[in-house]
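Novice: Based on what follows, work out the 3D shape:
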Amino acid sequence: METKQIYQIYELLEKLDSYEIRNKICRNIKKYRLELYNKYKSVNKGVEGSENPYSTENISAYLGISKIHYKRLENENDKCKYITLDNLIKISYILNKKLDDFLKD
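Specialist: Now for the predicted structure:
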């Protein structure tokens with residue numbers, strides 16, 4: 001692992017766009033959730049009483065947040081995308097993804 005000089009750290013932090021990082025995380029949450037949602041839906045097609053565990057309603061319930069709050073996380077046009085680290089960790093377990101997967105393009 002490379003060590004950096006203090007000026008290099010300041011340069012990195014100046015380039016940091018936390019708004020874009022939050023958008024990327026939320027886009028990936030939506031992408032991975034929809035992949036699992038559609039997979040579950042196709043596997044359980046025609047099965048009566050099989051509620052999709054990857055619906056926005058269920059994910060928001062798992063996280064202990066309102067459905068409206070969760071939908072705002074997935075909405076690309078919403079400017080207020082705040083997710084706690086605890087909820088991001090829970091989502092990574094629910095969607096079976098590593099935390100760094102949410103930062104990928």
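
Novice: Could you check which helix or strand contains Lys97?
Specialist: Assigned by DSSP states H and E, Lys97 belongs to no helix or strand.

Novice: wait, isn't it in contact with Lys31?
Specialist: No. Because the distance of 10.1 Å does not satisfy Cβ atoms under 8 Å, Lys97 is recorded as not touching Lys31. No exception for glycine: its C-beta is placed from N, CA and C like everyone else's.

Novice: Would you mind telling me which of those two has the busier surroundings?
Specialist: Counting neighbours by other Cβ atoms under 10 Å for Lys97 and for Lys31 shows that Lys97 has the greater number, 17 against 14.

Novice: Does the helix or strand of the chain with the lowest mean pLDDT pack against any helices or strands, and if so which?
Specialist: Lowest by mean pLDDT, DSSP states H and E among the helices and strands of the chain is helix 6-15, with a mean of 89. Under the contact definition 3 or more Cβ pairs under 8 Å, 6 or more residues apart in numbering; DSSP states H and E, helix 6-15 sits against no other helix or strand.

Novice: Could I have the CA atoms of that helix written out in CSV?
Specialist: Below are the C-alpha coordinates for helix 6-15, written out as CSV (Å, rounded to 0.1, in the frame of the first residue of the first chain):
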residue,chain,number,x,y,z
ILE,A,6,0.0,15.4,3.3
TYR,A,7,-0.4,17.5,0.2
GLN,A,8,-1.4,14.4,-1.8
ILE,A,9,-4.1,13.7,0.7
TYR,A,10,-5.4,17.3,0.4
GLU,A,11,-5.4,16.9,-3.4
LEU,A,12,-7.4,13.7,-3.2
LEU,A,13,-9.9,15.3,-0.9
GLU,A,14,-10.3,18.3,-3.1
LYS,A,15,-11.3,16.0,-6.0
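
Novice: tell me how far it is from the chain's mean position?
Specialist: Relative to the centre of its chain, helix 6-15 is centred 27 Å away, using Cα atoms, centre = their mean, to the nearest Å.

Novice: and if you look at stretch 84-97?
Specialist: Between the centre of stretch 84-97 and the centre of its chain there are 7 Å (Cα atoms, centre = their mean).

Novice: Kindly report the same for stretch 21-33.
Specialist: Distance of stretch 21-33 from its chain centroid, counting by Cα atoms, centre = their mean, is 4 Å.
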